[in-house]
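A.B. asks: My questions concern the predicted model and sequence given below.
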Amino acid sequence: MRFYVSTAFLDVAEVVDVARAADELGYDGMGIPDHVVNLETLATPYPYTKDGSRRWEPFTHWPDPWVMIGAIALATRRLRFVTTVYLPAMRDPYSAAKAIGTAACLAGGRLELGIGVGWCAEEFALLGQRFDRRGRRTDEMLELMRALWEPGWTEFDGEFYRTPRLEMEPTPPRIPVYVGGLSDVALRRAARNDGWIGDLISTDRAVEAVATLRALRAERGATMDDFTVLTPLTDAFTPEHYARAEAAGITGVITMPWMFYSGPDATLAQKIDGMQRFRADLALDA
């Protein structure tokens, strides 16, 4: 089981110190969320809470994930970095491919691209991108970006994007793609790629998703051997909980260890102390 520390809602000034501590303490990676702006008023309800309210307060920090990954990659030696999750369809594919590829180069192959299709129509409109057909555009963008990340000349003729002969450098190391979402179409998209990223869900719900993914992969003649399942778990606290999740096929957990000890208002020192205590309590270094 791999353990990733989430940077969600952290003050940007703390992230490098948290990353250094995670690297030194033996965590496997960092989860980097993505929003460009936080609009005061939305007609679109937030889909991940029962009442549609957002999980964060106004003026919470949402740093650009690729700038952040570039910074913490150079401050660490072994941590991996995954976006939780980045929305390609809210950007143009060339700028996205350039930023992601550059971060992957700086990270020396430690970058994992977690993607989703998005939920906030107003944020798409603000960035000048269509909200409709965003799933199909996401699939095509992934195909195009993978082509742009290959060495040599690229041409592409898709439904949404037509690319004349060009090259994009630097060529990054391979970037695995993990897909977020619990809908049937999201799980099918994940099964076509390298992994799946869950939201804040119970272990039972995550196990159900793994069973669905296993069946979808089997339909494609693929196994789960090289497939990543990475998710926060709302009800996992003990070694036994995580052992059950791992046995079911969950390969990694995204967590905020300080939440178990000091809560959401933890100081930087308390966050690092919580990260140390979490590893000790789970005997991760035994």
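C.D. replies: Looks like it arrived, so ask away.

A.B. asks: Output the helix or strand hosting Arg189 as PDB, restricted to C-alpha atoms.
C.D. replies: For Arg189, the element it lies in under DSSP states H and E is helix 184-192. Coordinates of each C-alpha in helix 184-192 appear next as PDB, following Å, rounded to 0.1, in the frame of the first residue of the first chain:
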ATOM      1  CA  ASP A 184     -20.000   4.200 -15.400                       C
ATOM      2  CA  VAL A 185     -18.400   6.400 -18.100                       C
ATOM      3  CA  ALA A 186     -15.700   7.500 -15.700                       C
ATOM      4  CA  LEU A 187     -14.800   4.000 -14.700                       C
ATOM      5  CA  ARG A 188     -14.800   2.900 -18.300                       C
ATOM      6  CA  ARG A 189     -12.400   5.800 -19.100                       C
ATOM      7  CA  ALA A 190     -10.200   4.800 -16.200                       C
ATOM      8  CA  ALA A 191     -10.100   1.200 -17.400                       C
ATOM      9  CA  ARG A 192      -8.800   2.400 -20.700                       C
END
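
A.B. asks: same for it, what does it pack against?
C.D. replies: If you count contacts as 3 or more C-beta pairs under 8 Å, 6 or more residues apart in numbering; DSSP states H and E, helix 184-192 packs onto helix 134-148, strand 177-180, helix 203-219. Backbone N, C-alpha and C define where each C-beta goes, glycine included.

A.B. asks: what angle do it and helix 134-148 make?
C.D. replies: Interaxial angle, helix 184-192 versus helix 134-148 (axes from the mean of the first three to the mean of the last three C-alpha atoms, to 10 degrees): 20 degrees.

A.B. asks: now, of the helices and strands packed on helix 184-192, which is deepest in the fold?
C.D. replies: Per-residue neighbour counts averaged over each of those give the maximum for strand 177-180, namely a mean of 23 (mean count of other C-beta atoms under 10 Å).

A.B. asks: That one: partners in the sheet, and parallel or antiparallel?
C.D. replies: Strand 177-180 has the following sheet partners, assigned by DSSP bridges: strand 111-115 (parallel), strand 195-197 (parallel).

A.B. asks: Same list (these) but as TSV, adding mean neighbour count, distance to Val5 and mean pLDDT.
C.D. replies: As requested, those are exported to TSV (neighbours: other C-beta atoms under 10 Å; distance: least, C-beta to C-beta, whole Å; pLDDT from 0 to 100):
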stretch	mean neighbour count	distance to Val5	mean pLDDT
strand 111-115	26	14	98
strand 195-197	26	15	98
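
A.B. asks: which parts of the helix or strand hosting Thr102 are buried?
C.D. replies: Using DSSP H and E, Thr102 sits in helix 93-106. Burial within helix 93-106, assessed by neighbour count using 16 or more other C-beta atoms under 10 Å, is assigned to 93-94, 96-106.

A.B. asks: Determine which two of these are furthest apart.
C.D. replies: Pro93 and Leu106 (20.3 Å; C-beta to C-beta).

A.B. asks: Distance check, the closest residue to Arg20 other than its chain neighbours against Pro47.
C.D. replies: For Arg20, ignoring the flanking residues on the chain, the nearest one in space by C-beta to C-beta, 6 or more residues apart in numbering is Ala75 at 5.6 Å. Counting by C-beta to C-beta, to the nearest Å, the gap from Ala75 to Pro47 is 34 Å.

A.B. asks: quick one on the thing from earlier: the residue nearest to Arg20 - how many residues pack around it?
C.D. replies: Taking other C-beta atoms under 10 Å as the neighbour definition, Ala75 ends up with a count of 13.

A.B. asks: do the same with the one 10 residues further on
C.D. replies: Each residue near Val85 was counted by other C-beta under 10 Å, and the total is 23.

A.B. asks: Does it touch Gly116 like I think?
C.D. replies: Yes: with contacts defined as C-beta atoms under 8 Å, Val85 counts as touching Gly116 at a distance of 3.9 Å.

A.B. asks: what is in contact with these two at once?
C.D. replies: Common neighbours of Val85 and Gly116, using C-beta atoms under 8 Å, 6 or more residues apart in numbering, are Gly180.
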